[in-house]
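Novice: Curious how this folds, go ahead:
(one chain, ligands or ions: 1)
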Amino acid sequence: MSDQTRYLLNESDLPKFWYNINADSPVPPTPVLHPGTLEPVTPDFLSVLFPMDLILQGISTERYIEIPEEVREIYKLYRPTPLIRARRLEKALGTPAHIYYKNESVSPAGSHKPNTAIAQAFYNKKAGVKALTTETGAGQWGSALALACKFFELELEVYMVKVSYNQKPYRRIFMETFNAKVYASPTDRTNYGRSVLAQDPNSLGSLGIAISEAVEVAATSNGAKKYSLGSVLGHVLLHQTVIGEEALKQMDLAGEYPDVVISCVGGGSNFAGIAYPFLRENLKNGKRTRLLAVEPTAAPSLTKGVYTFDYGDTAKMAPVVKMHTLGHDFVPPGIHAGGLRYHGMAPSICALFDAGHIEAVAVKQKTTFEAAIQFAQTEGIVPAPESAHAIRTAIDEALDAKAKGEKRVILFNLSGHGNFDMGAYESYLSGKLEDFEYPAAAVKEAMTKLPKVEIPA
Ligand SMILES: Cc1ncc(COP(=O)(O)O)c(C=O)c1O
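Specialist: Alright, predicted model coming up:
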C-alpha cells in the first residue's frame, strides 16, 4: 500500500451539484409552522426574511441542484479541500484503524461556513437585495458571511453576542476587514435589544437575543434587508454537501471506503454536509457506513433532547419545527465550543436519527480538548473547539478498533481551525476548563413551555 498522505482533487473536480437528501430520505419531512398561529408557514411569510430561491431549495425534492457558476468561481479559491490521511495520529495511537479527515479549515474564513455563505449571498444578490443581517456567536459564521457579502457587494450588519464581541476582538476585526458593520448585542438599535437592555443594562447577550435582533432589523426594513442563517435550515445543509461529494471521490483515490463518518453537530450543517452523500450510498447502493454525530454533553440536543415541535429561537419569532430540543429558553453553559450551543437541531437530521439512520454521541469538554491537543501535536493543525468533538470521537473509534484488533476506516470532518480560539486553549492549558453535563431535569422543565401544536408530533 502507498504511503500517500494528501488526496487532492483538481479544480475541474469541484462538484457541479449540491445533493438534496429530501429526494431519497426514507422519512417524510415534517411541517414548518408559523410561530404565532402554529399553522404551516407559507413561502410568503418566509419571503420577508429569505429570497425565494433559498426558500424553494429548502422544500425541493429534486435530487441534485445545480451550483451556479458564480458560486463555483468563488468556491475555487479554496475548493476542492484536501482529504488527509492522519498517519501521524494513527501512529501515536498505535491503532490498526485508518483515519482520514476532510480539511474544511482551509477556507478563507477558517471553516466550512463559506460553503453556504457564498451561496446565500449569491441568491440574495440575484433577488436584488442590497443588504443582509445576521448574528454570530463565536464569530466563524459572521466571518464567512462578511467575506461572501464583500464578494457580491452586499452590505452586512452582524449582531455579535456581547460577551464574544468583548472577548474576541480579532474575529470582529476580521469581519470589519470585509466592511461588515459589527454590533455588540444586545444593542439599542432594535425594539428587542432595547427591551433586554431596559431589564438588564449590563446584559452580555446570548445567541437567542442576537438572532432576534438580526431578524427584527430585516423584518422591519420594508424589503431593503434580508436575514441570513448559517445552520439548521434545509438550504444551508444542502450547500454543505460539496464536502461529502468531494470526500467520496477522494476516498476512492485512497482506494478505501469509510466504515464510519464522524462530524460535530451544532445546528447540523457540517455533519449533513459530509454525511448525506454517504447516506445516499447507504440508501441506494447498499453501503453500510455508520454516520455518527457528536455533540457536547453541555448541549446534548440529540442524545438528551425531546423529539417534538419547538420554537427556533428564544423570542419566539422564528418558525416552529419538529426537532430534538432542549427547550427554546435553553441557556447554554459557557463551554468553549460556541458553535455547538444551539437548543435544537436541523429537522432532517432529527428525523433520520429518530428512524435509526444516524447515530449520536455526547462528549465532555476536557477530554475533547485533550483530543484537540493530541491532534495538533501530531497533525500540526490547531482545531476549532467545535471540530475537536469530532476528533475526540474519531480517536475513540480508533482506540476501540485497536482493542478489538480490527482494521476500521474512519473519516471525520475537520470543520474549522482554532487559530482565533487561543483563549479557549489557554483555559484548557492552565487547567481552568470544567466539564458540564446538562441536567435531565432542566430538559423536563423546559418541555412544559413547548408550543401547543395540534398536528400529531
Ligand atoms: C468550526 C465550526 N464547526 C462546527 C460548527 C457547528 O455548526 P454546524 O452544526 O452547523 O456545522 C460551527 C458553528 O459555528 C463552527 O464554527
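
Novice: From the ligand, how far out is residue 174?
Specialist: Distance, residue 174 to the ligand, using C-beta to the nearest ligand atom, to the nearest Å: 13 Å. Heads up, the C-betas are built off the backbone N, CA and C, glycines and all.

Novice: burial measure for the residue nearest to that residue when sequence neighbours are not counted, as a count.
Specialist: With sequence-adjacent residues excluded and distances taken as C-beta to C-beta, 6 or more residues apart in numbering, residue 174 is closest to residue 143, at 5.0 Å. Counted by other C-beta atoms under 10 Å, the residues lying close to residue 143 total 29.

Novice: Looks to me like residue 143 is in a helix.
Specialist: Yes - under DSSP: H, G, I helix; E, B strand; the rest coil, residue 143 falls within a helix.

Novice: Make residue 1 into 5 and carry on from there
Specialist: I'll keep to 5 as the first residue from here, and by that count the last item is residue 147.

Novice: So what's the residue count around the residue in the chain that the ligand sits nearest to?
Specialist: Taking C-beta to the nearest ligand atom, the ligand has its nearest neighbour within the chain at residue 343, 2.3 Å off. For residue 343, the tally of surrounding residues (other C-beta under 10 Å) stands at 28.

Novice: Ok, residue 425 next?
Specialist: The number of residues near residue 425, taken as other C-beta under 10 Å, comes to 26.

Novice: do residue 290 as well
Specialist: Counted with other C-beta under 10 Å, the neighbours of residue 290 add up to 7.

Novice: do the same with the one 3 residues further on
Specialist: Residue 293 is flanked by 17 other residues according to other C-beta under 10 Å.

Novice: Which residues are in contact with it?
Specialist: 261, 262, 263, 264, 265, 282, 285, 286 (C-beta atoms under 8 Å, 6 or more residues apart in numbering).

Novice: could you list every residue that touches residue 175?
Specialist: So, once contact is read as C-beta under 8 Å, 6+ apart, residue 175 ends up touching 140, 142, 143, 144, 146, 147, 164, 168, 424.

Novice: How confident was the prediction at residue 341?
Specialist: Residue 341 is assigned 70 on the pLDDT scale.

Novice: And the ligand, is the lengthiest helix in the chain touching that?
Specialist: The residue-count maximum for a helix in the chain (DSSP state H) belongs to helix 389-408. Yes - contact of helix 389-408 with the ligand (C-beta under 6 Å from any ligand atom) involves 390, 391.

Novice: could you say what helices and strands that helix packs with?
Specialist: With contacts taken as 3 or more C-beta pairs under 8 Å, 6 or more residues apart in numbering; DSSP states H and E, helix 389-408 sits against helix 91-97, strand 102-107, strand 264-268, strand 294-300, strand 363-367, helix 369-383, strand 413-418.

Novice: I'd like the ones you listed laid out as a markdown table, including mean neighbour count, distance to residue 248 and mean pLDDT.
Specialist: Output for the helices and strands packed on helix 389-408, formatted as a markdown table (neighbours: other C-beta atoms under 10 Å; distance: least, C-beta to C-beta, whole Å; pLDDT from 0 to 100):
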| stretch | mean neighbour count | distance to residue 248 | mean pLDDT |
| --- | --- | --- | --- |
| helix 91-97 | 16 | 22 | 98 |
| strand 102-107 | 24 | 8 | 98 |
| strand 264-268 | 29 | 8 | 99 |
| strand 294-300 | 25 | 10 | 97 |
| strand 363-367 | 19 | 17 | 98 |
| helix 369-383 | 20 | 21 | 98 |
| strand 413-418 | 26 | 9 | 99 |
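
Novice: Export the ones you listed as a markdown table, with columns for distance to the ligand.
Specialist: Listed next are the helices and strands packed on helix 389-408 as a markdown table, based on distance: least, C-beta to the nearest ligand atom, whole Å:
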| stretch | distance to the ligand |
| --- | --- |
| helix 91-97 | 19 |
| strand 102-107 | 12 |
| strand 264-268 | 5 |
| strand 294-300 | 9 |
| strand 363-367 | 12 |
| helix 369-383 | 12 |
| strand 413-418 | 8 |
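
Novice: To residue 251, which of those lies closest?
Specialist: Nearest to residue 251 among the helices and strands packed on helix 389-408 is strand 102-107 (5.0 Å), distances taken as C-beta to C-beta.

Novice: which other residues reach the closest one?
Specialist: Against strand 102-107 from outside (C-beta under 8 Å, 6+ apart): 11, 85-90, 93-94, 247, 250-251, 254-255, 258, 260, 262, 278, 383, 385, 398, 402, 411-418.

Novice: Please identify the nearest residue in space to the residue nearest the centre of the chain, excluding sequence neighbours.
Specialist: Central residue of the chain (C-alpha atoms, centre = their mean): residue 273, 3.9 Å from the mean position. Once flanking residues are discounted, residue 273 sits nearest to residue 235: 4.4 Å by C-beta to C-beta, 6+ apart.

Novice: circling back: restrict the contacts of residue 175 to contacts with the ligand.
Specialist: Among the contacts of residue 175, the ligand is touched by residue 144 when using C-beta under 6 Å from any ligand atom.

Novice: and the protein, which residues reach the ligand?
Specialist: Counting by C-beta under 6 Å from any ligand atom, the residues of the chain near the ligand are 115, 144-145, 235, 268-275, 343-344, 388, 390-391, 419-420.

Novice: If you go by neighbour count, which of those are buried?
Specialist: 115, 144-145, 235, 268-275, 343-344, 388, 390-391, 419-420 (16 or more other C-beta atoms under 10 Å).

Novice: and residue 38, how many neighbours?
Specialist: What residue 38 shows, counting by other C-beta under 10 Å, is a neighbour count of 14.

Novice: and the gap between it and residue 219?
Specialist: Taking C-beta to C-beta, to the nearest Å as the measure, residue 38 and residue 219 are separated by 14 Å.

Novice: these two touch, right, the residue nearest to the centre of the chain and residue 238?
Specialist: No - taking contacts as C-beta atoms under 8 Å, residue 273 lies outside contact range of residue 238: 10.2 Å.

Novice: what do those two both touch?
Specialist: Common neighbours of residue 273 and residue 238 (C-beta under 8 Å, 6+ apart) are residue 350.

Novice: Give me the contacts around stretch 220-229.
Specialist: Contacts of stretch 220-229 (C-beta under 8 Å, 6+ apart): 52-53, 133-137, 161, 163, 193-196, 230-231, 321.

Novice: Low-confidence bits of the chain, can you list those?
Specialist: 5, 337-339, 459-461 (pLDDT under 70).

Novice: so where do the helices sit in the stretch 55-204 of the chain?
Specialist: 56-63, 73-79, 91-97, 118-130, 144-155, 166-171, 173-181, 195-203 (DSSP state H, counting those that start in this stretch).

Novice: who's in contact with residue 340?
Specialist: So residue 340 contacts 369, 373, 389, 425, 427, 428, 431, 432, 437 (C-beta under 8 Å, 6+ apart).

Novice: Provide the secondary structure category for it.
Specialist: coil.

Novice: follow-up on the earlier one: what subset of the contacts of residue 293 is buried?
Specialist: 262, 263, 264, 265, 282, 285, 286.

Novice: How about the last one, nearest residue that isn't a chain neighbour?
Specialist: With sequence-adjacent residues excluded and distances taken as C-beta to C-beta, 6+ apart, residue 286 is closest to residue 293, at 6.0 Å.
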